[in-house]
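>>> Need a 3D model of the following:
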Amino acid sequence: MTEPVKNESQPRKGIYLLPNLLTTGGLFSGFYAIISSMNGHFEAAAIAIFVAMIFDGLDGRVARLTNTQSEFGAQYDSMADMLSFGMAPAMVMYNWALSDTGKFGWLAAFLFVACAALRLARFNANLSVTDGRFFQGLASPAAAALIAGMVWTGAYYQLDGNGFGYLLGIMTILAGLLMVSNFRYHSFKDVNWRDKVSFVTILLVVLIFVVIAARPAEMLLLIFLLYACSGPITTIRSVNKLKLEHVVGDVTPADFDEPQPDLQPQEPADQTEQEQK
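Numbers count the residues shown, from 1 in each chain. Predicted coordinates:
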């Protein structure tokens with residue numbers, strides 16, 4: 001009786017622990033934000049959303065560094081993002097400022113959740129065709145940070161969010177619409193973090209950390225508000241004539257009229273080097 005031949009090239013079944021553990025940490029932070037807001041602890045809820053952003057930034061990088069990427073991890077990360085950066089900020093904002101505005105409040109919160117779901121679905125579907133230097137629409141973690149920054153700042157100064165319900169509802173709607181827009185946001189993925197920098201650059205980084213640590217709520221709100229505004233500015237500057245497809249609808253990177261590199265005949269060796277880049 002012969003033994004079955006084992007296929008060594010077949011990948012082993014299982015789930016990588018470390019990156020999915022970080023994803024679970026982000027999922028827990030988002031869930032904790034919802035529970036905290038339901039109990040009236042809005043400052044803790046906003047901070048939990050920022051903690052979820054840290055976990056979200058780590059899990060993918062750890063997976064690439066340790067060569068533990070998997071389809072399961074990618075899908076799990078999307079599900080966790082939906083809760084942490086879709087449901088959590090919408091619920092935190094609703095419980096803090098929108099609950100007294102009636103139908104307008106819960107519709108504004110729902111619109112943010114729906115836009116976050118659409119943003120994540122579009123990102124996953126277009127992952128292989130989008131320009132890696134830019135995000136198409138405001139990334140869901142950045143939109144969530146904008147909402148959390150407003151709640152954190154208001155809770156820190158002991159403001160009654162219900163007194164600004166309609167204004168904050170409009171801000172929530174705008175944050176959601178920016179996620180499903182075609183505005184181009186820098187992804188900073190083209191930054192070479194291994195490059196050497198000057199001493200002055202390191203000093204500036206330290207000063208930025210000091211300023212943020214001194215007034216975290218206000219500074220984080222300001223940073224993500226400026227980032228949210230940078231998308232329309234970047235888009236307008238990158239096209240010769242602004243069209244509807246540059247704002248909303250189906251679009252590809254080729255639809256943006258960016259200046260193309262000068263294509264001159266080169267030696268075969270130079271062409272090979274350019275392809276490698």
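
>>> how about the helices in the stretch 151-277 of the chain?
Counting by DSSP state H, counting those that start in this stretch, the stretch 151-277 of the chain has helices at residues 165-179, 199-214, 216-238, 268-276.

>>> so for the last one, what's the average pLDDT?
The predicted model gives helix 268-276 an average pLDDT of 44.

>>> The third one now?
Helix 216-238 shows a mean pLDDT of 92 in the predicted model.

>>> Please work out which of the helices of the stretch 151-277 of the chain is packed deepest.
Greatest average neighbour count among the helices of the stretch 151-277 of the chain goes to helix 165-179 (a mean of 21), per mean count of other C-beta atoms under 10 Å. All C-beta spots, glycine's among them, are computed from the backbone N, C-alpha and C.

>>> how near is residue 18 to residue 51?
18 Å (C-beta to C-beta, to the nearest Å).

>>> do the same with residue 161
Applying C-beta to C-beta, the value for residue 161 to residue 51 is 21 Å.

>>> quick one: which of these two has more around it?
Ranked by neighbour count (other C-beta atoms under 10 Å), residue 161 and residue 51 place residue 161 first, with 22 against 18.

>>> okay but that one is in contact with residue 168, surely?
Yes - at 6.4 Å, residue 161 counts as touching residue 168 under the criterion of C-beta atoms under 8 Å.

>>> got any residues that touch both of these two?
Residues touching both residue 161 and residue 168 (C-beta atoms under 8 Å, 6 or more residues apart in numbering) are 93, 97-98.

>>> Among these, which are located in strands?
Assigned to strands by DSSP state E, none of these qualify.

>>> okay, those residues in a markdown table with distance to residue 195 and pLDDT next?
Formatted as a markdown table, the shared contacts of residue 161 and residue 168 follow (distance: C-beta to C-beta, whole Å; pLDDT from 0 to 100):
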| residue | distance to residue 195 | pLDDT |
| --- | --- | --- |
| 93 | 39 | 98 |
| 97 | 43 | 96 |
| 98 | 44 | 96 |
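
>>> Filter those down to the buried ones.
Neighbour counting with 16 or more other C-beta atoms under 10 Å marks 93, 97-98 as buried within the shared contacts of residue 161 and residue 168.

>>> Tell me how many other residues crowd residue 17.
For residue 17, the neighbour count with other C-beta under 10 Å is 9.

>>> actually residue 59, not the one I wrote
24.

>>> now do the one 3 residues further on
When neighbours are counted by other C-beta under 10 Å, residue 62 registers 16.

>>> Spit out the contact partners of the residue nearest to it when sequence neighbours are not counted.
Excluding the flanking residues, the one nearest residue 62 by C-beta to C-beta, 6 or more residues apart in numbering is residue 19, at 5.1 Å. Taking C-beta under 8 Å, 6+ apart, we find residue 19 in contact with 59-60, 62-63, 66, 68-69, 73.

>>> same check, this time on residue 33
Neighbours of residue 33 in contact, by C-beta under 8 Å, 6+ apart: 44-46, 48-49, 52, 84, 88-89, 91-92, 148.

>>> host element of it?
In the assignment (DSSP states H and E), residue 33 maps to helix 17-38.

>>> from the middle of its chain, how far away would that helix be?
Averaging C-alpha positions (C-alpha atoms, centre = their mean, to the nearest Å) puts helix 17-38 16 Å from its chain's average.

>>> what comes up buried for it?
For helix 17-38, the neighbour count (16+ other C-beta under 10 Å) marks 19-20, 22-23, 25-34, 36-37 as buried.

>>> got it, and stretch 112-129?
Across stretch 112-129, burial judged by 16+ other C-beta under 10 Å covers 112-113, 115-120, 122-123.

>>> Can I get the residues you listed in CSV including distance to residue 174, secondary structure and pLDDT?
Output for these, formatted as CSV (distance: C-beta to C-beta, whole Å; DSSP: H, G, I helix; E, B strand; the rest coil; pLDDT from 0 to 100):
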residue, distance to residue 174, secondary structure, pLDDT
112, 10, helix, 98
113, 15, helix, 97
115, 10, helix, 97
116, 14, helix, 96
117, 17, helix, 96
118, 15, helix, 95
119, 14, helix, 93
120, 19, helix, 93
122, 18, helix, 90
123, 20, helix, 87
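
>>> can you put the residues you listed in a markdown table and add distance to residue 175?
Converted to a markdown table, the buried residues of stretch 112-129 look like this (distance: C-beta to C-beta, whole Å):
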| residue | distance to residue 175 |
| --- | --- |
| 112 | 6 |
| 113 | 11 |
| 115 | 8 |
| 116 | 9 |
| 117 | 14 |
| 118 | 13 |
| 119 | 11 |
| 120 | 15 |
| 122 | 16 |
| 123 | 16 |
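
>>> Alright, calling it a day.
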